[in-house]
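Q: Structure of the sequence below:
(chains A and B)
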Amino acid sequence: MSLLVVDPGHLTLVQDAGRPGLGAQGVGAAGAFDRGAMRQLHALLGDPPEAAVLEVLAGGLKLRADADHRLAVTGGIGPVHVDGQHVEHGRAFVARAGQEVVVGPIELGLRTYVGVAGGVEVDPVLGSRSADMMSGLGPPRLAAGDVVEVGQPAHPADVEDVPALLASGTTTVAAVPGPRDDWFTGDAVRTFFSAEWTVSGRSDRIGVRLEGPTLEREVKDELPSEPCVRGSVQVVSAGAPVVLGPDHPVTGGYPVIAVVLDDHVDRLAQVRPGEIVRFTRQTSP
Amino acid sequence: MKLLPCGDRAVLIDCETLDEAQGWFAALHDDVDAVLGARTVLLRGEPSALRSLVDRSEPEDITAAEAGDAIEIAVTYDGPDLADVAEHTGMSEEEVVAAHTGKPWIVAFGGFAPGFAYLVGGDDRLVVPRRETPRTSVPAGAVGLAGEFSGVYPRSSPGGWQLIGHTDAVMFDVDRDPPALLTPGAPVRFVEA
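A: Next comes the predicted model:
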């Protein structure tokens, strides 16, 4: 049971729930950037929470089925076809042996998730099948000619369809100030929570880089390197914020002005270069 | 010690010294997902539960690790920031190399990337700031300086450290046990390749 990669598109990675809990060894969690979209796939295909899926950046993935497979597509939205026949987003479909599944250019959002009943089977590294672009742990990005092994489908589907999680326009996420908001001027903190930030084209799974007003530091010392989390908003020396993604380094040397609520980080998996992000202030829980 | 907010799934213990942070890490890392920094310990979980855990805990006493045989790392000192480091420290490039190889370093803590170790205890004159803008890609094996630390990039990654050389040493290997070449407390000596 497998799928042949005819074309990997711009960048397609195997992702799962990641490898949490290894930070003390310097190993980051990685895992699907949009975890909500991955959970939808698990529900649509009856796969367990640890099943691996494909994370497709910007589209362009072409797969050929070697046998009959049940698949589904969630997350970023674009045209998806099986041998030229359009299939719906957020609903399981069958690709027969020899048929080609094509994920077209993503038009809304940035990352589409493709699941196959039984899950993607690759050898786990330190307990996870997730590709970590920072550390290089886990399977390499898919390449043309790769054969993606598929596990045995185990369970009936939980749901028949799932709603799209995306809306067009500005993406707003809530963030808790700190741990280093006091390293910035009061104006900088206010600016951070009021400005419209433009997503930089240099964004990736390590961090979503934002362009906008310069955030002035109150404390200009070097920050002794400290651990950070998915969603930490680091402000690099040039005064620009970077929201850390799933492949972020375990520790960093730039002060974190605020941390995006964990559930809201998924939304940042789907922001495209040039789009606007805003932060609303959330008090510490 | 201060407890700082870190979103809705973690808190950060902020300490005065590395020793104090190591003490908190030692006290708590068996009970909770904890990561050590230079002055901080990240605890993952529900923030109010973590706050009460910290309230009823004490940092452990950390005794200096026994100095065993130093791990030798052979370095070719040809880094792109060697001249900048020399200028910043007021030394010649040769003196920077002599300072970096002259005194053994100790692994303080891991982090940043698998196999990356923050080394402390080197020559005091080598304290330099990070680069104004981090590089989007630093090659594997690059040997750098930042603040009071030295370190070796285990694989190609973004990074803001001042690069003074490179090594062929394999810093991290998932098929090795332990995978990291450098583990906390280990003495390290850089030698010229």
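Q: Only C-alpha atoms from now on, for both contacts and neighbour counts.
A: Will do.
Q: any idea which helix or strand of chain B has the worst average confidence?
A: Sorting the helices and strands of chain B by mean pLDDT, DSSP states H and E puts strand B:105-111 at the bottom, at a mean of 83.
Q: now for it, which elements pack on it?
A: Applying 3 or more C-alpha pairs under 8 Å, 6 or more residues apart in numbering or on different chains; DSSP states H and E, we find strand B:105-111 packed against strand B:34-36, strand B:113-120, strand B:187-192.
Q: Nearest residue to the middle of chain B?
A: B:Tyr118 (1.3 Å; C-alpha atoms, centre = their mean).
Q: if I look at A:Gly98, how far off is A:Leu142?
A: The gap separating A:Gly98 from A:Leu142 is 19 Å, by C-alpha to C-alpha, to the nearest Å.
Q: who has more neighbours, those two?
A: A:Leu142 (21 against 15; other C-alpha atoms under 10 Å in any protein chain shown).
Q: Distance of that one relative to chain B?
A: According to C-alpha to the nearest C-alpha, to the nearest Å, A:Leu142 and chain B sit 19 Å apart.
Q: show me where pLDDT drops low in chain A?
A: For chain A, the stretches flagged by pLDDT under 70 are A:285.
Q: Please work out which residue of it is closest to chain B.
A: Relative to chain B, the nearest point of chain A is A:Gly26 (3.9 Å; C-alpha to the nearest C-alpha).
Q: Can you tell me the closest non-neighbouring residue to that residue?
A: Spatially, and ignoring its direct neighbours in sequence, A:Gly26 is nearest to B:Gly111 (3.9 Å; C-alpha to C-alpha, 6 or more residues apart in numbering or on different chains).
Q: May I have the beta-bridge partners of that neighbour?
A: B:Ala113 (DSSP bridges).
Q: just B:Thr76 next, same as before
A: B:Thr76 has these beta-bridge partners by DSSP bridges: B:His166.
Q: tell me the SS of A:His264?
A: helix (DSSP: H, G, I helix; E, B strand; the rest coil).
Q: what's the closest non-adjacent residue to it?
A: Leaving aside its sequence neighbours, A:His264 sits nearest to A:Val173 (C-alpha to C-alpha, 6+ apart; 5.7 Å).
Q: Surely that neighbour is in a strand?
A: Yes - assessed by three-state DSSP, A:Val173 belongs to a strand.
Q: Could you count how many residues lie near the residue of chain B found nearest chain A?
A: Nearest residue of chain B to chain A (C-alpha to the nearest C-alpha) works out as B:Gly111 at 3.9 Å. As a burial measure, B:Gly111 scores 26 neighbours (other C-alpha under 10 Å).
Q: Can you give me the distance of it to B:Gly37?
A: 8 Å.
Q: Please enumerate the shared neighbours of the two.
A: Counting by C-alpha atoms under 8 Å, 6 or more residues apart in numbering or on different chains, the common neighbours of B:Gly111 and B:Gly37 are A:Pro227, A:Thr251.
Q: still on that earlier bit, beta-bridge partners for the residue nearest to the centre of chain B, please?
A: Note on B:Tyr118: beta-bridge partners B:Phe109, judged by DSSP bridges.
Q: give the contact list for it.
A: B:Val107, B:Ala108, B:Phe109, B:Gly110, B:Gly111, B:Phe149, B:Ser150, B:Gly151.
Q: Dump the helices and strands packed on strand B:105-111 to JSON lines, plus mean pLDDT.
A: Output for these, formatted as JSON lines (pLDDT from 0 to 100):
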{"stretch": "strand B:34-36", "mean pLDDT": "89"}
{"stretch": "strand B:113-120", "mean pLDDT": "88"}
{"stretch": "strand B:187-192", "mean pLDDT": "94"}
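Q: Out of these, which is the most enclosed?
A: Across the helices and strands packed on strand B:105-111, averaging neighbours per residue (mean count of other C-alpha atoms under 10 Å in any protein chain shown) puts strand B:34-36 on top, at a mean of 29.
Q: For the stretch 101-250 of chain A, which segments are assigned as strands?
A: Under the criterion DSSP state E, counting those that start in this stretch, the stretch 101-250 of chain A contains strands at A:108-116, A:120-121, A:147-150, A:171-177, A:197-199, A:207-211, A:226-227, A:232-235, A:241-244.
Q: cool, and chain B?
A: Along chain B, the stretches classed as strands by DSSP state E are B:2-5, B:10-14, B:34-36, B:40-44, B:71-75, B:105-111, B:113-120, B:135-138, B:142-146, B:149-152, B:157-159, B:162-166, B:187-192.
Q: can the fourth one be found next to chain A?
A: Looking back up the chat, that one is strand B:40-44. Yes - on the criterion C-alpha under 8 Å from any C-alpha of the partner chain, strand B:40-44 is in touch with chain A at B:Thr40, B:Val41, B:Leu42.
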